[in-house]
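In: sequence plus the predicted model coming up.
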Amino acid sequence: MPRSQASLPLFPASSPVAEIPPPVPVRRRQLWMALDCDRLPLEIFAAAADAQPVAVVEGDGSGRRICRSNSAAAHQGVTPGLPLNAALALSPQLQVVERDPRREARRLRRLAQWAMRYTDLVSLEMPHRLLLEIQGSLKLFGGLDRLCQQICTGLTALGYSLRHAVAPTPRAALWLARGADGARVTDVAALPGALAELPLRCTGWSERELNMLEGMGVQSLGECLRLPRDGFARRLGVRCLADLDRALGRVAEPRRGVRPPARYRGSLELPAETFDRAMMGQGMRHLLDELSAFLRHRQAGVQQPEFMFRHNDGHNTRFPLGLAEPSADAGFLSELLMPHLEQARLHAPVVSLALRSGPVLPLPGSLLALGLEDGAGPRRAEAACRLVDRLRARLGTGAVRGICLLPEHRPEAAWDYVEPGTRGTEAGDRARPLWILETPRPLQMKHRQPWLEGPLTLRHGPERIETGWWDGKDVSRDYYEASSPGGMGLWIFRERRKPRRWFLHGVFG
Amino acid sequence: MKKSLDALLADPRVWRGRQAPQGMRTLSSGYRALDAILPGGGWPRAGLTEIVVERWGTGELQMIVPLLRQLSDDGHDEAAARHGWIAWIAPPYVPYAPALATAGIDVARLLLVHAAIDSEALWAAEQALVSASCQIVLAWARNAAHRQLRRLQLAAEDEGVPCILFRPPDALRAASPAALKLYLGAGANGWLDVIKSRGGRPASLPLRDLFLHDGH
């Protein structure tokens, strides 16, 4: 917190702080649940649950102190705040880990994501607290008690210990979680009474502020609330006063919600370095299930997910997928990935798996291009896309294509490859062969006649095509329908400029 | 008893002497002369048709264009719900979109699949048949084991999808599980032979007659 506010010099007598602010107009009743994962610095380490004493330390040099310790360490007297040397004296086999605030923040964000299954407004209170606005979720989850229970059991099952409280304002919920674990206050009017008993330390104010209050003989929040406002503001600064006002709901405290991440990124450490594809397959299924849950929440799908092996030598093997249409179906994605997994050549053992969603896209309603709107349509449209994906998974993306017409007179430019199912608007062209060569093939000349397994007989023509001067690929050709001695119907042309060569361009088929 | 016997006999897989199977569902080829020599009066509605082509580009595609057109605008009968891909698997050239569009074929439904080897092409054809998303599957393959053809025939029959497989002349002598096998002879006077058909008779037709009497 910036200290500048606290040291603002003046508060004139007419200062607005002297007045109790008018009650905040109630726009919508809110109910906040605070989750205090106080032991997060320790719990981010897998060793925290061990029977061996483990402690997280913070600070530099001789100022290194215990930040959190597991129960085995606490049993030996290693408690937060203890200097590291003293702790090591108490518990010689103490395993010491450096505190990792960045990892804590990451983990807290992940917990916030997890909590979003209960409400769409989850706010972070760094370093290790979460606020959930649950008023709107009460009905869905069967009332306050059941919701709280569900959230707490869920977090405990994930391996986190927590304290929690519910209050109509976020600040009060945070304070109550610290000082009165499990408190539930649903009415703003009951707040002053509920907060009165809390020790001042719950507020998270600085040591200086707490010492000052202690010097004034103030022990609890209740006593704090009885102090005159202007005097309180003058001595402790507006920040503390504002905190009190927010806690009591006199001043609104808008909270910024966590935004769900745009993309999914999951990874999974394998139990051991391995070449075992069955184990990797299981891991892949697990990640795909996670991805599927992530997508279901957003009613979205992925089109270009990427699956990855991380090898023990630091290299990655990537398996990008390209789907014809977004999908959120873990079973289908797994079906597409499985052949890659089975065919992959593994040059080194795999240590972990990773899955990235790529862009998250809305799930398609139907494939309009195929005219599949009615009746069995949606299912068939899905089947149509799945066929494309299945073929591409084995033959490659470029091997499965559609074609369309382009508004162009040059025969080779009058069509192009497109995504299957793309509908164009152009009309067809008369007297054209059913087969086209992607690039015209020069024809041999024998006895001054175009030749393909024999002399070609011209049947119709010429049709003159002269165009394209604007893009430098201009053509000037005379096209003929010809037939070979073998009976093939051919579409050939002769350049109108020198060297006036003959080319095969299509087959009538 | 009689009923179940009828049901059994109506099954297109039951071969009954010289008679064309009752109720064998076919699709008109769009050519009167061709319909006349095909058993049941057209292309099999479900099942494998093998067309052995002596030389690519002598009319094999022209022969099925009316069929593709018919599948493209089958908008109003029970087939409406069946709209889906017209799959082209491993064709020898690229089908030319402007010509297909002129012929009345819905180009947007074309699914072109490139396969480097025959086994992949046959695999893709089978996938297309069982995907329940294709109206017809056209495939080109040089080598195909009897077992692979049989799989295609069964898949096409079970799914009720026509599958037309174009083969080079080496395939003429091999036994085929296909419901219909034709031979398209090249040369100045091309002709079409019915090599094998369920309940049909061997027949032959000069190509000149076929395309001259274009029924549509």
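Out: Happy to help now that I have it.

In: how about the helices of the stretch 251-400 of chain A, start to end?
Out: Applying DSSP state H, counting those that start in this stretch to the stretch 251-400 of chain A gives helices spanning A:277-298, A:330-343, A:377-395.

In: would you mind measuring from the residue located most distally from the centre of chain A to A:Arg441?
Out: Within chain A, A:His447 marks the point farthest from the mean C-alpha position, 69.6 Å out by CA atoms, centre = their mean. Per CB to CB, to the nearest Å, A:His447 is found 20 Å from A:Arg441. All C-beta spots, glycine's among them, are computed from the backbone N, C-alpha and C.

In: rewinding a little: list the contacts for the residue farthest from the centre of chain A?
Out: With contact set as CB atoms under 8 Å, 6 or more residues apart in numbering or on different chains, A:His447 has these partners: A:Pro455.

In: so B:Leu67 makes contact with B:Thr26?
Out: No: the pair B:Leu67 / B:Thr26 is not scored as a contact, 10.4 Å apart, by CB atoms under 8 Å.

In: what do those two both touch?
Out: Each of B:Trp43 lies in contact with both B:Leu67 and B:Thr26 under the rule CB under 8 Å, 6+ apart.

In: what helix or strand does the residue nearest to A:Val251 when sequence neighbours are not counted sit in?
Out: Once flanking residues are discounted, A:Val251 sits nearest to A:Asp245: 4.1 Å by CB to CB, 6 or more residues apart in numbering or on different chains. Under the criterion of DSSP states H and E, A:Asp245 resides in helix A:238-248.

In: beyond the helix or strand that contains A:Leu210, next helix or strand please.
Out: Per DSSP H and E, A:Leu210 falls inside helix A:207-215. Going down the chain from helix A:207-215, the next helix or strand is helix A:221-226, by DSSP H and E.

In: which strands or helices does that next one pack on?
Out: helix A:191-196, helix A:238-248 (3 or more CB pairs under 8 Å, 6 or more residues apart in numbering or on different chains; DSSP states H and E).

In: just the CA atoms of it, as PDB, please.
Out: Listed next in PDB are the C-alpha coordinates belonging to helix A:221-226 (Å, rounded to 0.1, in the frame of the first residue of the first chain):
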ATOM      1  CA  LEU A 221     -12.500  -3.600  15.900                       C
ATOM      2  CA  GLY A 222     -15.500  -2.800  18.100                       C
ATOM      3  CA  GLU A 223     -13.400  -0.300  20.100                       C
ATOM      4  CA  CYS A 224     -12.000   1.000  16.900                       C
ATOM      5  CA  LEU A 225     -15.500   1.700  15.600                       C
ATOM      6  CA  ARG A 226     -16.400   3.700  18.700                       C
END
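
In: who's in contact with the spatially most central residue of chain B?
Out: Among the residues of chain B, the one closest to the centroid is B:Ile164, at 3.3 Å (CA atoms, centre = their mean). Going by CB under 8 Å, 6+ apart, B:Ile164 touches B:Trp43, B:Leu48, B:Thr49, B:Glu50, B:Ile51, B:Ile64, B:Ile136, B:Val137, B:Leu138, B:Ala139.

In: low-confidence ranges in chain A?
Out: A:1-18, A:22-28, A:46-50, A:364-380, A:425-430, A:468-473 (pLDDT under 70).

In: which residue ranges make up the domains of it?
Out: Chain A is divided into the following domains under automatic domain parsing: A:16-37+A:103-248, A:45-99, A:265-395, A:411-507.

In: now do the end-to-end distance for stretch A:136-143.
Out: Terminal residues of stretch A:136-143 lie 10 Å apart, using CA to CA, to the nearest Å.
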